[in-house]
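S.K.: what shape does this take:
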Amino acid sequence: MTLKKQSYQVIIFLFILMCMVPVPVESSNTANTNVNLDFFDDLVAKIDIRTAWSPKKWQHMGTTFEQELKKYKLKEEFAQANSNIEWLRAIHKLNHIRYDHHLKLSETYDYISEKRVTQAPIRLYADFTDDKKPFIFVANFTQAVEDKGVKVGDKLLAVNNIPIDEYIERLKPYLQFSTLRNMYMEKLANALVAKSTLFGPEIPQNSTVTLTLEPKGGGSSYKIELNYEGRYRNIDWKYPYVVELYRQNYSADKSYIKSMYRDLGFSEVYDNNEDCALYINRTKKLNLIEWYDFESVSSNARELVNKAQQAGTLDWDVIVDATRSSGGGGGPHIVKYLVSQPFKVTFGNVRVSDASWARSKANGMSSSVRRWILKAIDAGKDYTTNEPFKLADFPEGSDGIMRPASTRFTGKKVVLTFTLGGSQYDQFCAMLVDNNDPDVHVMGMPAGGYSNTWEWGETIRLPNGTSIGWEYDVGHTVRKNGEALEGNPAIPHTVVPFTRDNHSTYFKDLIIKAENYLSGVPIDNGWIADRKSETRYGISISSLQNRSRAIAINYTFQENFSHGALLIYTIKGTLIKELSLKKVDGNNRGKIIWHGIDEHGMQVSSGCYLCTVKINGLVGGTKKFFIQ
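M.R.: A predicted model of the protein is given here:
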């Protein structure tokens, strides 16, 4: 064999060896990860440019969307998603950490609702005595749970040995809400003792749930282990009325509500079974309106007023029980029958930063809305101008001032609100609070805080091939004070906190408090809020001392205030003296000496009196004292 031939054989042999060595290629797992991350980055970018972020909402939440993405490691979860349930879980969390009650997913929206979970036979609500730190307590159970020693009012400390605050943080991305109050009151009642296929490994799911509770009356904590018994409606609750009165009206058993009204002396005059009902108490000359939906407002509100006119009660005082109302539209067309002065409706805008997408959506709107949106796009703006909400009742450029109806309720009104409902209900509450009509007083808890102009949607295709309906909040509802309403509900003039001490009679108590208010009796205010900044004030009157008919009243405020007054009433609620509050030192402390002289310069008689505090027009805590 020649040298040349041998050289060729060596070259061929080396070539074969090279072919046998595996060449590094991108693994399928790496490829999938890159696809997943590209999808995640693209969707987050669209969220960022299309969403009308509410600054007040994130301020109240104490976080930002970007911080929540990092805290819950959503990018890592998307990167690792492979199975269908992993994708549903990841997309569900991304949707919900935007903290917007309105944004629905076509596939996963109700995974944590009553329809899709198995629940332990115990009902948990939140105590809002301290609005900044509510706590969870036992409100209802079955007889079998009571037999284990559990009592109503016991405080929840841990779930499956995880401290409650930590457990709630783990649950947050599985829940849909716009305010922490709504989360605590509505969402946690189901989720804390629920078992769901959507929960990830951070939520322990065993065949039972273990709760650590602290007795209401004090003492050592204890643990109970409960089986999951089925869906909410199938559980034999010991106190069913507590269940039904704390649900939005469209899903509640109305017989409990009507029974409560009858117990308070009201008889039914009208119920259209759509959105409103009228009850009257002829002895007290008092109307009670139950408002529970906002779908056919204009015609039904007019019909309700006609029924009151026929009954001869338009000049009576009115209590509006809107505590269980859902949303819809047309809120101004209820307000105009309650107020005595012209009022400003809520306004709204649309974010159009993603101009081509916004233009495509605008083409499907009414002609007036389309012109309004396209004007902003063509001008290169990020947002449209603020205009009366959806241009439903006023044209673009209007001041949005609506006049009271010519035929309306002319007595004083107390409107009762609660934290379950939102959307148009939020606007209804905000219009009443922000316009500060002299004939209307709002009492209860703030609404759910989930109002915006529109949610525009699209179908997105996940990397695993699943198609999902996905929505964006594209516009603010704007309150009279200029703030976005989403995540920032109006605080009632008088807040009545929902607590473990009043939960079983809360709605009945609200109506009684409203009756007292209309009769001139001062009502305790759980929180005092500056309507402009929504700042909470704490009040404590530290001592009341008799000295020869002179009363020394010491007061302390936890936060700054601009102006305030001390009001003194007779025990029947007649105002007899108003004294200005002054800050004596830098700690917002002060003292007033009252010598028992009324507004007319007359010495008051011996007996029991009430004193209360008013800050920026809002009434605070009440305390009894005696003059000898």
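S.K.: show me what contacts Pro121?
M.R.: Phe141, Thr142, Ala144, Val145, Leu226, Asn227, Glu229, Ile235, Asp236, Trp237 (C-beta atoms under 8 Å, 6 or more residues apart in numbering). C-betas here are computed from N, CA, C, even on glycine.
S.K.: just list whatever residues bridge to the first one.
M.R.: Assessed by DSSP bridges, Phe141 has beta-bridge partners Ile122.
S.K.: against Thr197, how distant is it?
M.R.: Noted for Phe141: a distance of 25 Å to Thr197, by C-beta to C-beta, to the nearest Å.
S.K.: the two: who's more crowded?
M.R.: Shown here are Phe141 and Thr197; by other C-beta atoms under 10 Å, Phe141 has more neighbours (24 against 12).
S.K.: list the contacts of that one.
M.R.: The contact partners of Phe141, by C-beta under 8 Å, 6+ apart, come to Pro121, Ile122, Arg123, Val150, Val152, Trp237, Lys238.
S.K.: the last one reaches Asp147, doesn't it?
M.R.: No - counting by C-beta atoms under 8 Å, Lys238 does not reach Asp147; the two are 10.6 Å apart.
S.K.: between the two, who's got more neighbours?
M.R.: Lys238 (17 against 9).
S.K.: backbone dihedrals for the more buried one, please?
M.R.: Dihedral angles of Lys238 (phi, psi; degrees, to the nearest 10) stand at phi -70, psi -40.
S.K.: for Lys254, see how far away it is.
M.R.: 21 Å.
S.K.: tell me the secondary structure at the closest residue to Lys614 other than its chain neighbours.
M.R.: Using C-beta to C-beta, 6 or more residues apart in numbering and skipping the chain neighbours, the partner closest in space to Lys614 is Ala565 (4.8 Å). Using DSSP: H, G, I helix; E, B strand; the rest coil, the structure places Ala565 in strand.
S.K.: any stretches of the stretch 501-628 of the chain with poor pLDDT?
M.R.: Within the stretch 501-628 of the chain, the stretches with pLDDT under 70 are 522-550, 555-563, 571-573, 582-589, 615-624, 628.
S.K.: determine the set of other helices and strands touching the helix or strand where Arg262 lies.
M.R.: Taking DSSP states H and E as the definition, Arg262 sits inside helix 254-263. Counting contacts by 3 or more C-beta pairs under 8 Å, 6 or more residues apart in numbering; DSSP states H and E, helix 254-263 is packed against helix 240-244, strand 286-291, helix 506-518.
S.K.: ok, Gly421 touching Gly331?
M.R.: No - at 11.5 Å, Gly421 does not count as touching Gly331 under the criterion of C-beta under 8 Å.
S.K.: check what pLDDT the nearest residue to Gly457 once chain neighbours are set aside gets.
M.R.: Spatial nearest neighbour of Gly457, chain neighbours left out: Glu471 (4.2 Å); criterion: C-beta to C-beta, 6+ apart. We note a pLDDT of 95 for Glu471 in this prediction.
S.K.: contact partners for Glu471?
M.R.: Residues in contact with Glu471 (C-beta under 8 Å, 6+ apart) are His102, Leu103, Lys104, Glu455, Trp456, Gly457.
S.K.: from the residues you listed, pick the one nearest Phe40.
M.R.: Leu103 (17.3 Å; C-beta to C-beta).
S.K.: returning to that earlier point: of all the contacts of Phe141, which comes closest to Val478?
M.R.: The nearest member of these to Val478, counting by C-beta to C-beta, is Arg123 at 36.9 Å.
S.K.: where does the stretch 51-200 of the chain have low pLDDT?
M.R.: 107-116.
S.K.: show me where it has strands.
M.R.: 118-119, 122-127, 135-141, 155-159, 162-163, 194-195 (DSSP state E, counting those that start in this stretch).
S.K.: out of the ones you listed, flag the one nearest Leu94.
M.R.: Nearest to Leu94, of the strands of the stretch 51-200 of the chain and by C-beta to C-beta, is strand 194-195 at 20.8 Å.
S.K.: C-terminal to that closest one, what's the next element?
M.R.: Downstream of strand 194-195, the first helix or strand assigned by DSSP H and E is strand 208-214.
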